[in-house]
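A.B. asks: Sequence unavailable; structure follows:
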């Protein structure tokens, strides 16, 4: 007996936040985010031929530089709602200035198996060779693909599929600006198909932020002959701090006492300011070395880039995570501990799991 059942086409929801991909000019001035999500979708050649059902949501119209933690937390809730209602995946369009940060926050808050894909454009629609339509098409195809499930949040530009936890913006203007220096892309969009060459080894998600909970997390990049007075000023106004140190996690010796005092009061994460590679834990032993700083209470970031370490620390503080859980979470996210050390349950082959309370 032959079956006459047909499979309905996948439904992808495109949520617009603004950014270069949605910018146009008026009165001869500089470009500003003005195009709707529907206008972006309508400008994509070949989208109808894919057969993918598209729904659009205008969420924000802001440059990427003006997005906030509140915006992204609200967006994470919105994506969960549309996925619960049966969407195969979600695409978020936004400015590339902050994609490596917003995508990582979405990754930490995204607990479902469906793909959540972030994309944007390096060239706005008024320019010849604008890359927005091609990036949006590839992102939609990725979001509709079963191959992209269980990968958390993905970043898709220039037909490359990157994990949010590893991707970074490496050039201010190039169309090939987004790279994952330590790992390379997870896959590519080729001839309209999503081709995954590798997959994230595990997913890590954090508890939802507490209502009305506000955390201020600073990031200080260490420089030659740095002045500890700068840290004194920053430290007085933050709930947590990320130090982007030299090389594998080093700072000038005059900063040591100030960092010791700060680590006794707030969580201080030690990352590397280099574009690739991890911090170490016990190779160097001079004052201001990674071993010395960890002995003084700083938290090692491992492979976690300073920008992403700040996102993670902010998310943990906003969820009122315990100090010991913060240290464990940062070390685990940075690849210095086994995923089993992660303090909260993470989704595995499940449509939706309840979040654990950070106070449990």
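C.D. replies: Cool, the structure landed. Please read all numbers here as calculations on a predicted model, not as lab measurements. Numbering: from 1, shown residues only.
A.B. asks: For the rest of this, base every contact and every neighbour count on C-alpha atoms.
C.D. replies: OK.
A.B. asks: Show the low-confidence segments of this structure, by residue range.
C.D. replies: Counting by pLDDT under 70, the chain contains low-confidence residues at 1-6, 28, 347-360.
A.B. asks: domain assignment for it?
C.D. replies: Domain segmentation of the chain under automatic domain parsing yields 11-196, 217-341.
A.B. asks: Tell me where the stretch 51-200 of the chain has strands.
C.D. replies: 53-62, 89-93, 116-119, 153-157, 160-163, 168-169, 178-179, 187-190, 193-196 (DSSP state E, counting those that start in this stretch).
A.B. asks: ok, back up a step: of the domains of the chain, give the one that comes closest to residue 206.
C.D. replies: For these, the distance to residue 206 is smallest for domain 11-196, at 5.6 Å, taking C-alpha to C-alpha.
A.B. asks: residue contacts, residue 184?
C.D. replies: By C-alpha atoms under 8 Å, 6 or more residues apart in numbering, the contact list for residue 184 reads residue 162.
A.B. asks: can you tell me how far it sits from residue 175?
C.D. replies: Applying C-alpha to C-alpha, to the nearest Å, the value for residue 184 to residue 175 is 16 Å.
A.B. asks: cool, and residue 56?
C.D. replies: 25 Å.
A.B. asks: Compare these two (neighbour count), which wins?
C.D. replies: residue 56 (19 against 15; other C-alpha atoms under 10 Å).
A.B. asks: Apart from its neighbours in sequence, what residue is nearest the more buried one?
C.D. replies: Counting by C-alpha to C-alpha, 6 or more residues apart in numbering, residue 56 lies nearest to residue 14, which is 4.7 Å off, once chain neighbours are set aside.
A.B. asks: Throw the domains of the chain into a markdown table and include distance to residue 206, thanks.
C.D. replies: Listed next are the domains of the chain as a markdown table, based on distance: least, C-alpha to C-alpha, whole Å:
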| stretch | distance to residue 206 |
| --- | --- |
| domain 11-196 | 6 |
| domain 217-341 | 7 |
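A.B. asks: and residue 211, which of these is closest to it?
C.D. replies: domain 217-341 (8.7 Å).
A.B. asks: Go ahead and confirm residue 136 touches residue 120.
C.D. replies: Yes: the criterion here is C-alpha atoms under 8 Å, and residue 136 meets it with residue 120 at 7.3 Å.
A.B. asks: Span of stretch 38-46 from start to end?
C.D. replies: Note: stretch 38-46 ends 15 Å apart using C-alpha to C-alpha.
A.B. asks: Report the buried residues of it.
C.D. replies: The neighbour-count check on stretch 38-46 (16 or more other C-alpha atoms under 10 Å) flags 38, 40, 41 as buried.
A.B. asks: where does residue 39 fall, phi/psi-wise?
C.D. replies: When read as degrees, to the nearest 10, the backbone of residue 39 gives phi -60, psi -40.
A.B. asks: For it, give me its contacts.
C.D. replies: Shown in contact with residue 39 (C-alpha under 8 Å, 6+ apart): no residues.
A.B. asks: Skipping adjacent residues, who's closest to residue 129 in space?
C.D. replies: Leaving aside its chain neighbours, residue 129 sits nearest to residue 123 (7.3 Å; criterion: C-alpha to C-alpha, 6+ apart).
A.B. asks: Who does the nearest residue to residue 34 once chain neighbours are set aside form a beta bridge with?
C.D. replies: Distance criterion C-alpha to C-alpha, 6+ apart; nearest residue to residue 34, sequence neighbours excluded, is residue 23 at 5.5 Å. Beta bridges link residue 23 to residue 33 when assigned by DSSP bridges.
A.B. asks: how far away is residue 23 from residue 49?
C.D. replies: Distance from residue 23 to residue 49, counting by C-alpha to C-alpha: 26 Å.
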